[in-house]
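Undergrad: What follows is a predicted protein model with its sequence.
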Amino acid sequence: MTPQAAADARWMRHALALAETSLYITAPNPRVGCVIVRDEAILGQGATQLAGGPHAEVVALRDAAAKGHGVQGATVYVTLEPCSHHGRTPPCVDALIAAGVGRVVIALCDPNPLVGGQGLARLREAGIAITLGVCAEDALALNVGFVSRMVRGLPWVWMKTGVSLDGHSALPGGESQWITGPLARADGHHWRARGCVVLTGIGTVRSDNPRLNAREVDTPRQPARAVIDARFEIDENARLFDGG
């Protein structure tokens with residue numbers, strides 16, 4: 001690995017760590033981190049905010065400006081291809097081009113057909129150097145649900161089940177009883193907070209009366225709750241209707 005490649009990987013890992021700070025808040029948008037660097041010094045950095053809020057690149061540019069740093073000719077490390085379309089926010093490529101950055105290092109191409117390489121093309125047309133694919137696998141893992149939805153038109157599903165050492169998920173009489181321990185339950189709440197929907201069956205609702213929310217993590221956003229209930233047997237007083 002060349003010194004430049006090693007530096008690119010190191011700064012991209014920093015950008016990925018920034019993206020993880022927005023792990024629970026960006027859905028249905030991807031989690032993205034961005035760091036702007038010159039001469040091995042950070043000029044600005046940031047992560048994508050709540051849906052409809054500024055994207056990581058804009059947050060990083062604003063951070064640099066607030067610190068009095070110009071970014072002309074600087075290198076931008078961003079975990080996902082900068083957007084090139086008008087949605088709830090203006091295109092990030094426009095902001096990067098206007099700022100005069102010299103190079104953009106990108107972990108992953110955006111699978112969104114509204115972007116899909118167009119951000120790269122815009123940057124190249126502006127004379128900005130591009131390096132693609134740095135830490136791509138890590139960037140994919142961070143946004144596997146978003147990529148699945150864009151590429152396959154299907155959600156990415158994580159399944160959690162608690163099973164005893166003898167292969168059972170409930171007591172013989174069907175009574176509700178914890179099988180998983182505190183660490184496993186905390187991990188389950190982490191995955192709930194990452195997701196858009198928590199789904200279970202009516203049998204679990206009848207037996208356990210779960211709330212299906214994310215409680216053991218600090219998150220401002222709760223996932224939607226859904227129950228497979230073909231006969232509409234759910235009790236209107238079930239705890240999952242309590243909110244929160």
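TA: Arrived safely. Since this is a predicted model, take the numbers as computed values, not measurements.

Undergrad: L61 and H69: what is the separation?
TA: 10 Å (Cβ to Cβ, to the nearest Å). Glycine gets a C-beta too; all of them are placed from N, C-alpha and C.

Undergrad: The two: which is more packed in?
TA: L61 (25 against 16; other Cβ atoms under 10 Å).

Undergrad: in the helix or strand where that one lies, what counts as buried?
TA: Assigned by DSSP states H and E, L61 belongs to helix 56-66. When burial is assessed from 16 or more other Cβ atoms under 10 Å, helix 56-66 yields the following buried residues: 56-61, 63-64.

Undergrad: Give me the contact list for the helix or strand just after it.
TA: Later in the chain than helix 56-66, the nearest helix or strand by DSSP H and E is strand 75-78. Residues outside strand 75-78 that contact it (Cβ atoms under 8 Å, 6 or more residues apart in numbering): 8, 11-12, 14-15, 32-38, 56-57, 60, 96, 101-107, 134.

Undergrad: now those residues: which count as buried?
TA: The buried subset of the contacts of strand 75-78 - by 16+ other Cβ under 10 Å - is 8, 11-12, 14-15, 32-38, 56-57, 60, 96, 101, 103-107, 134.

Undergrad: Now do the contacts for C109.
TA: C109 touches 81, 116-117, 120, 132, counting by Cβ under 8 Å, 6+ apart.

Undergrad: pretty sure V37 belongs to a strand, no?
TA: Yes: V37 sits within a strand when classified using DSSP: H, G, I helix; E, B strand; the rest coil.

Undergrad: what about it, distance to D8?
TA: 10 Å.

Undergrad: Out of the contacts of C109, which comes closest to Y24?
TA: Of all those, Y24 sits closest to E81, with 22.8 Å by Cβ to Cβ.

Undergrad: Can you tell me the closest non-neighbouring residue to the closest one?
TA: Using Cβ to Cβ, 6 or more residues apart in numbering and skipping the chain neighbours, the partner closest in space to E81 is D110 (4.0 Å).

Undergrad: Since that was my last question, I'll sign off now.
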